[in-house]
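Trainee: Provide a 3D model corresponding to the input given below.
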Amino acid sequence: MSGAKKKLARREAKTLAGLTEREKQELQKQKAQKRNTIIAVVGGVIAVVLIVALLVWNTGFFDRHRTVLKFTPTQGGASTDVLSLTEADMSYFYYQAINRLVEMYNQAGLDYTTAFDPSGDLKTQYVDADQTMSYYDYFRQQALTDAQETISLYNAAKAADHTLSEEAQATLDSAKSSLDSAVAQGYGSRTNYLRAIYGRSMTEKVYFANLERTLLASDYYNSAMETLGNTYTDAELEAYYAEHTDEMDNYVFDYAYFDGTPATEADEEGNTPEPTEEESAAALAQAKEQADAMLAALQSDTTVTVTEPEAGDVTGADLQTKDFSTLAETFGAQDYNQMDNSGDNLASAVFYTWLTDAARVDGDTDVFELDGTGYYLVQFHSRYRSDVADSADVRHILISTSHEDDPETADVDESQVPFTDEEIAAAQAEAQRILDEFTSGEQTGERFGELAEQYSQDGRNEDGSLASPGGLYEDVTPTTSFVPEFLDWIFTAGRKAGDVGIVQTDYGFHVMYAESVEEAHWIVHAREALASQVESDYLAEIKSHYEISVNKWYPAADQVEASESAEATEDAAADGTDAPADESAPAAEAPATEAAPAN
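Mentor: Residues are numbered from 1 along each chain as shown. Prediction:
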């Protein structure tokens, strides 16, 4: 996985921490829908036969030769290499959009089938709860946007005589060999395989033409971004922070979630009945009652009267406490936790506006309904700007302060025998000796890794190598499940790549080496936001070289509606042209062995 993709997955995981499954899915959907620029298409999520092997519903709207997009140069010197795209071309971008969304869910550790099922009819699956846009329309919209930006960049690359990099050429070559492997597994021909993935209008020529266009557009785009720099002064970063403090500050708060959905049991045939409106209303009311009762308990100045979880009402045993977790358990909250997270990672929360209110003070508490499914009780504690690293890659060498159990002495567990003071002092001296050995020579991650393999008493494989090669732990964040002392050393303010030290934990003495240290979250966020504007402006300028027209029946990117198919039929009838075909048939499933990560 590339560095950019690892950062994306890491950030998603941090964003999703502490949210309910419903909120996780909704947040991931919102974020995925925003990633509809060329950056997402060519910046690391290219399905090269294929990222995921999907059984995809054949939409049936592609007519191989009919033109969808036309590019008319508006400026002198604009390339005329590609001036139109057919429906066959658009099928490439359509199914790439499906694969991209699936991959984004996978990177975040979420099940994409909870949002949409590619093997089902996407015209009857909806992006939003109000069913104003189907996934069929959504992916067509993404395909249209992606195609416009990709071809504009491709033409610009051709005009500048830009050629594929070695990496891009290797990706193209890999796609061809992957196709041949698929043919060998029973598809008969490359075309048969491609049609199983991209629909019946796809051909080998169309596929490779668009893959090469996408790869060249990616190369050219990345080259342009490097030229533009995307480096910003401290003053520019501080100015951006000042304008976006709510989303860039960290917030410390407790939350408890009370589920308001009724419990249902499967019948004798294994079918789970849908709850009635009365049952749903009663369950939601019960959740509200529990949340309000806990709120009253937290706000009470006297003895707190709480509910035993099994009591089923809001009166019960007296419990004199204001401890949030104790009250959450007692009142029957299904989920509770204390969070320390940045505003941009909380933007979809129902309590975001309340939480980020500048008037908020420690102890403020309130209850919030979550989309008719339950209630959050939230208690605010503080907000601050975090200046510690967002993540880091670190290496360590462990000198243990625990005895190993001797299998020859069945009646004694030596691992439970504590080290003596002398043994602890000897372990510390050994850690210092190893650190001195490292600092006396070349201080690189590679050399530290060699010393780790030689000296570390951390877990090892059967062949004697370290379970974490070279003692390396990648993408460590402040919420990673490591002992506090270990994390405290890594995320001390001012920590930088190349720093070394010794940390004592219950496991022993750790010789530490900071391989790489990412900037503070707010700085990373500011850089990305500023860079995003540069990227957006650049793409707009590239697209301005052409007047891009869209076939009447194929909706513009900002005009896709759930009723698009009916409107397209009416337009086509008025035009005297054929409306998009509406028949649908599932495509054959690609073999799972052909799924391959993008480069």
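
Trainee: quick one: mean pLDDT over stretch 517-536.
Mentor: Averaging pLDDT along stretch 517-536 gives 88.

Trainee: what's in contact with it?
Mentor: 7, 37, 39, 225, 228, 230, 232, 236-237, 240-241, 244, 247-250, 342, 344, 385-392, 490, 495-497, 499 (CB atoms under 8 Å, 6 or more residues apart in numbering). Backbone N, C-alpha and C define where each C-beta goes, glycine included.

Trainee: generate a PyMOL selection restricted to the buried entries among the residues you listed.
Mentor: Here is the PyMOL command that selects the buried residues among the contacts of stretch 517-536 (16 or more other CB atoms under 10 Å):
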select buried, resi 7+37+39+225+232+237+240+241+244+247+248+249+250+342+344+386+388+389+390+391+392+490+495+499
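
Trainee: in strands, which of the contacts of stretch 517-536 appear?
Mentor: Taking DSSP state E, the ones among the contacts of stretch 517-536 that sit in strands are 250, 342, 392.

Trainee: for the first one, what are its contacts?
Mentor: Taking CB under 8 Å, 6+ apart as the criterion, residue 250 is in contact with 340, 341, 342, 343, 383, 384, 385, 386, 521.

Trainee: mind pulling up the pLDDT for it?
Mentor: 94.

Trainee: measure the residue nearest to residue 390 when sequence neighbours are not counted to residue 344 for me?
Mentor: With CB to CB, 6 or more residues apart in numbering as the criterion, residue 390 has its nearest non-adjacent residue at 4.2 Å, and that residue is residue 521. Separation of residue 521 from residue 344 (CB to CB, to the nearest Å) stands at 8 Å.

Trainee: next: residue 127.
Mentor: To residue 344, residue 127 is 22 Å away according to CB to CB.

Trainee: any idea how far residue 376 lies from residue 350?
Mentor: Taking CB to CB, one finds residue 376 at 6 Å from residue 350.

Trainee: overlap in contacts, the two.
Mentor: Shared contacts of residue 376 and residue 350 (CB under 8 Å, 6+ apart): 368, 370.

Trainee: these two: who's more crowded?
Mentor: Legend: neighbour count by other CB atoms under 10 Å for residue 376 and residue 350, higher for residue 376 (22 against 15).

Trainee: domain parsing for the protein?
Mentor: Domain assignment for the chain, taken from automatic domain parsing, gives 23-165+203-227+551-594, 250-262+276-384, 392-519.

Trainee: ranking those domains by burial, who's on top?
Mentor: Among those, ranked by average contacts under mean count of other CB atoms under 10 Å, first place goes to domain 23-165+203-227+551-594 (a mean of 19).

Trainee: where in the chain is pLDDT low?
Mentor: Within the chain, the ranges that satisfy pLDDT under 70 run 1-64, 76-80, 229-230, 301-321, 553, 555-599.

Trainee: please enumerate the strands of it.
Mentor: Counting by DSSP E, the strands of the chain are 57-58, 67-73, 84-86, 250-259, 335-342, 365-369, 374-384, 392-400, 472-476, 500-505, 508-517, 546-550, 585-586.

Trainee: let's have those in CSV, adding distance to residue 131.
Mentor: Listed next are those as CSV, based on distance: least, CB to CB, whole Å:
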stretch, distance to residue 131
strand 57-58, 18
strand 67-73, 26
strand 84-86, 30
strand 250-259, 24
strand 335-342, 28
strand 365-369, 21
strand 374-384, 22
strand 392-400, 44
strand 472-476, 38
strand 500-505, 53
strand 508-517, 46
strand 546-550, 25
strand 585-586, 23
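
Trainee: OK, contacts around the residue lying closest to residue 331 once chain neighbours are set aside?
Mentor: Nearest non-adjacent residue to residue 331, counting by CB to CB, 6+ apart: residue 294, 4.3 Å away. Contact analysis of residue 294 by CB under 8 Å, 6+ apart lists 256, 306, 327, 328, 331, 333, 377.

Trainee: redo the residues you listed as TSV? Include distance to residue 168.
Mentor: Formatted as TSV, the contacts of residue 294 follow (distance: CB to CB, whole Å):
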residue	distance to residue 168
256	50
306	63
327	57
328	52
331	57
333	51
377	52
